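Undergrad: sequence and predicted structure below; questions after.
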Amino acid sequence: MIELSADLGEASDDRGREVERAIWPLIGAANVACGGHAGDENSMREAARTAARLGVIFGAHPSYPDRANFGRKTMSIDRDALVASLVEQIEALRAIGAAEGVTLQRVKAHGALYNDAHRDPAVANAIVEAVRRFGVAIVAIDSSQIAAVARKAGVPVIREVFGDRGYRPDGSLIPRSEPGALLSIEEAAGQAARFATASDFDTLCIHADMEGAVERLVAIRKRILLPHRRVGKKVPRSGG
């Protein structure tokens, strides 16, 4: 089975929340915003309750502490301050999850933090240091610095590919501001099918905040012939 995952808990209006509610039954794992770029106690609690009810894997999606830019700009921040912020974000979600009967199992960095950690060992080390304190896995592109640093530190790596984003030759994501960054529904389904047949990965992710996210997930599921809600297989060594 192929595990489908999504970045959730980021909606800021009723329409976005409606989209997220439609996504939950279509995935096997969720990366939940925990305050750095989006999310608050209410959204985290709703996510924890939904994960518990549906049996979806519960993960944290921390960011640079930069809500103004939705965590999508590189932030100049002291390493210790970054580690402290990440620990605070992850702990907030972990505690709420525990109160709702669901266990935190993984951490995936968001936005610019995720992209920076693809190439920068210093950023990768900061993330790994924070995650080690919780004894959970890290979600990352297989060819990234964060995956390499995590493995060296003995932290399990969940190899991620994306069904809705275009890739650069080095396996990093094309910036959203550039052509080819955001895939159409058909393009996403085709890319997911290629990953499913030719790549080693552990989770295939889509972004809930992209237009047509639900339709994209449905198309991906049909293309890779998923028979029911819960799904999982392997992404490209160069992909993410």
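TA: Yep, it's here.
Undergrad: for residue 170, give its distance to residue 129.
TA: Separation of residue 170 from residue 129 (Cβ to Cβ, to the nearest Å): 24 Å. (C-beta placed from N, C-alpha, C; glycine too.)
Undergrad: now the strands for this protein?
TA: Ranges of strands in the chain, per DSSP state E, are 4-8, 29-33, 57-61, 104-107, 137-140, 157-162, 203-207.
Undergrad: the more surrounded of residue 170 and residue 129?
TA: residue 129 (18 against 11; other Cβ atoms under 10 Å).
Undergrad: touching, that one and residue 83? I think so.
TA: Yes: with contact defined as Cβ atoms under 8 Å, residue 129 counts as touching residue 83 (5.3 Å).
Undergrad: look up phi and psi at residue 136.
TA: Torsion angles at residue 136 (phi, psi; degrees, to the nearest 10) stand at phi -120, psi 180.
Undergrad: tell me, how many neighbours does it end up with?
TA: When neighbours are counted by other Cβ under 10 Å, residue 136 comes out with 21.
Undergrad: now it: how far from residue 128?
TA: On the measure of Cβ to Cβ, residue 136 and residue 128 end up 11 Å apart.
Undergrad: next one: residue 212
TA: 34 Å.
Undergrad: with residue 54 instead?
TA: Distance from residue 54 to residue 128, by Cβ to Cβ: 29 Å.
Undergrad: next: residue 41.
TA: Counting by Cβ to Cβ - residue 41 and residue 128 are separated by 27 Å.
Undergrad: ranges for the helices of this protein?
TA: 14-23, 41-54, 79-99, 111-119, 121-132, 145-152, 185-198, 213-223 (DSSP state H).
Undergrad: buried sites along the shortest one?
TA: Along helix 145-152, the positions that meet the burial threshold by neighbour count (16 or more other Cβ atoms under 10 Å) are 145, 146, 147, 148, 149, 150.
Undergrad: between which two of these is the distance greatest?
TA: Spatially, the most separated pair among these is 145 and 150, at 9.4 Å (Cβ to Cβ).
Undergrad: overlap of the contact sets of the two?
TA: residue 124 (Cβ atoms under 8 Å, 6 or more residues apart in numbering).
Undergrad: neighbours of the nearest residue to residue 62 once chain neighbours are set aside, how many?
TA: Nearest residue to residue 62, sequence neighbours excluded (Cβ to Cβ, 6 or more residues apart in numbering): residue 89, at 4.0 Å. Counted with other Cβ under 10 Å, residues neighbouring residue 89 total 25.
Undergrad: and residue 89, what does it touch?
TA: Listed by Cβ under 8 Å, 6+ apart, the contact set of residue 89 reads 34, 35, 36, 60, 62, 63, 65.
Undergrad: for the closest residue to residue 113 other than its chain neighbours, grab the count of nearby residues.
TA: Closest residue in space to residue 113, ignoring its immediate chain neighbours: residue 64 at 5.1 Å, by Cβ to Cβ, 6+ apart. Number of residues near residue 64 (other Cβ under 10 Å) recorded here: 27.
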